[in-house]
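**Student:** Here is my input, please return the structure:
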Amino acid sequence: MPAKGTKDGSSTRPLTVREVNACSFESWYGVFRYRASSSVSSSSLSSSGEKGVRRWITVKSEIIELDEKFIEWLGTDGILLPKPRCGAALHPCDPRVNMEYDDNVEEGCPPIAEFYDLERRIESAITSLGGDVFPKLSWSCPVDASWVSGGSLKCRSAGEIFLLLKSSDFVQHDLRNAYDHCVSSKDEAMRRPVLVLRKWFDFSPSMEFRCFVDDNELVAACQRYCGVHYPFLSSKREELASIIDSFFEKYVRRVFSLDRYTIDVYVDKKGRAWIVDFAPLARGPQSADAPPPHALLSWKQLESLCGVDSSAADRDDDDDDVFRELRIVESTEEVDSQRTKVLGMHRVPIEIATGELNSSNIADYLEKLQKLQVDQDAAFSSDDETS
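**Tutor:** Numbering: from 1, shown residues only. Prediction:
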């Protein structure tokens, strides 16, 4: 029997391997990299002169396959970065510029990691994307680790990318927990995450929105980052809702492989929408304790919105109504209620909070941490020998 407030009970259906795989970057990027509107015939895709049809609707990116050795290194404790190639000219921004690597590894300590081929591929991708990139894995971006690079995800070197990935709990989720709540499936295999490098652009957090799709219908959107009140969004609510709705109808609806999902959309200064990412939208058996789909939208509210009949058959082509809900942080008081949640999710070293650690002395900080780790390893080794 369908759940109350939904059309088919999909809001409480368990997460599947297929849904997780469909939302991995490598699955959808090839579909939306070059995309005319869904109403344009395939014979017209090469017609660059068609009015209103854009060639790019997501940020240009490079996908790099990762081998098991690198995956294992990301999952190990410690922050010792991979040793650069002998004689390689490191970028001035690379945190390994002032690091010294001792080839004489003490007994009981793991060998220093080396990923020369991966570094070459990363450097090539950075160059092809214009020199500035931001990294992510198949599903997650290491935004929680931006403190290690002065609060930004902008990278110009392989070392910066290694450091962000190694420091991120979100990346660890992709490695260890991406399929945790999935029901078993014989039709779809779990995938090894890939490294994604995306072309850097000046991103305004105020203009990113998380959109909720049910039965191929856009039912709601929320301000993506709730830690700030942006007063100007109130006056632009209708305009933004129209832009997002038009973009979804023209480029995304019935093109993405799922019928229920979330899509993060960014609206630039020219009023153009861009695809940032996709994610599954499902509640498994643990739904009673599941966190809300968004800080501004509860499961009950979402189910209520999904329960309103908005099927394609009932939708008038001349109907100017857009989706039913665009939620934003309405006041500074509402920001305060969200801030505790955000701070609880993203913890940083005390040196960041006090201002002792910044982009200019991060290398010294890493060197101290590495020395501390070596001392601890030696102490544990000594304990083992005397026990």
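**Student:** For the rest of this, base every contact and every neighbour count on C-alpha atoms.
**Tutor:** Will do.
**Student:** the helices in the protein, which residues?
**Tutor:** Secondary structure of the chain by DSSP state H: the helices cover 17-22, 25-32, 68-75, 116-128, 158-167, 169-176, 232-235, 237-247, 299-306, 332-345, 350-354, 362-386.
**Student:** mean confidence for the last one?
**Tutor:** For helix 362-386, the mean pLDDT works out to 53.
**Student:** Next: the second one.
**Tutor:** When pLDDT is averaged over helix 25-32, the result is 94.
**Student:** got any ranges where the stretch 151-300 of the chain has weak pLDDT?
**Tutor:** Across the stretch 151-300 of the chain, the stretches falling below the confidence threshold (pLDDT under 70) are 185, 283-291.
**Student:** Repeat the analysis, applying 80 as the threshold.
**Tutor:** By pLDDT under 80, the weakly predicted segments of the stretch 151-300 of the chain are 184-187, 282-293.
**Student:** likewise the stretch 1-150 of the chain?
**Tutor:** Per-residue confidence of the stretch 1-150 of the chain (counting by pLDDT under 80) places the weak regions at 1-13, 34-55, 78-79, 86-88, 100-112.
**Student:** Strands of that one, start to end?
**Tutor:** For the stretch 1-150 of the chain, the strands identified by DSSP state E, counting those that start in this stretch occupy 15-16, 61-64, 133-136, in order along the chain.
**Student:** Now do the end-to-end distance for stretch 101-116.
**Tutor:** Taking C-alpha to C-alpha, to the nearest Å, the first and last residues of stretch 101-116 lie 15 Å apart.
**Student:** Use 38 as the first number for this chain going forward.
**Tutor:** All set: I'll call the first residue 38, so the last point we hit is now stretch 138-153.
**Student:** Leaving out the residues flanking it, which one is nearest to Leu111?
**Tutor:** Here the nearest residue to Leu111 in space, its sequence neighbours aside, is Lys203; by C-alpha to C-alpha, 6 or more residues apart in numbering that works out to 5.6 Å.
**Student:** hmm, back to that, most tightly packed of the strands of the stretch 38-187 of the chain?
**Tutor:** For the strands of the stretch 38-187 of the chain, the stretch with the most neighbours on average is strand 170-173, a mean of 24; neighbours defined as mean count of other C-alpha atoms under 10 Å.
**Student:** Which strands or helices does that strand pack on?
**Tutor:** Using 3 or more C-alpha pairs under 8 Å, 6 or more residues apart in numbering; DSSP states H and E as the contact criterion, the neighbours of strand 170-173 among helices and strands are strand 232-236.
**Student:** which outside residues touch the strand it packs on?
**Tutor:** For strand 232-236, the external contacting residues (C-alpha atoms under 8 Å, 6 or more residues apart in numbering) are 62, 96-103, 162-163, 166-167, 169-175.
**Student:** Kindly recompute the last result at 6 Å.
**Tutor:** Lys97, Ser98, Glu99, Ile100, Ile101, Leu166, Val170, Phe171, Pro172, Lys173, Leu174 (C-alpha atoms under 6 Å, 6 or more residues apart in numbering).
**Student:** Find the pair from those with maximum spatial separation.
**Tutor:** Using C-alpha to C-alpha, the pair of the contacts of strand 232-236 lying farthest apart is Leu166 and Leu174, separated by 17.0 Å.
**Student:** of these two, who's got more company?
**Tutor:** It is Leu174, of Leu166 and Leu174, that has more neighbours when counted by other C-alpha atoms under 10 Å, with 25 against 16.
**Student:** residues in contact with the more buried one?
**Tutor:** For Leu174, the contacting residues are Val231, Leu232, Val233, taking C-alpha under 6 Å, 6+ apart as the criterion.
**Student:** So what sits opposite the spatially closest residue to it that is not a sequence neighbour in the bridge?
**Tutor:** Once its chain neighbours are removed from consideration, Leu174 has its nearest residue in Leu232; the separation is 4.7 Å (C-alpha to C-alpha, 6+ apart). Here Leu232 shows beta-bridge partners Ile101, assigned using DSSP bridges.
**Student:** repeat for the one 4 residues further on
**Tutor:** With DSSP bridges as the criterion, the beta-bridge partners of Lys236 are Val170.
**Student:** Would you check how far apart the residue nearest to Glu197 when sequence neighbours are not counted and Gly196 are?
**Tutor:** Sequence neighbours aside, Asp131 is the residue nearest to Glu197 in space, at 5.7 Å (criterion: C-alpha to C-alpha, 6+ apart). With distances taken as C-alpha to C-alpha, Asp131 is found 5 Å from Gly196.
**Student:** More neighbours: those two, which one.
**Tutor:** Neighbours of Asp131 and Gly196, each counted by other C-alpha under 10 Å, are more numerous for Gly196; the result is 23 against 18.
**Student:** Ends of stretch 315-329, what's the gap?
**Tutor:** Between the opening and closing residues of stretch 315-329 lies a distance of 17 Å (C-alpha to C-alpha).
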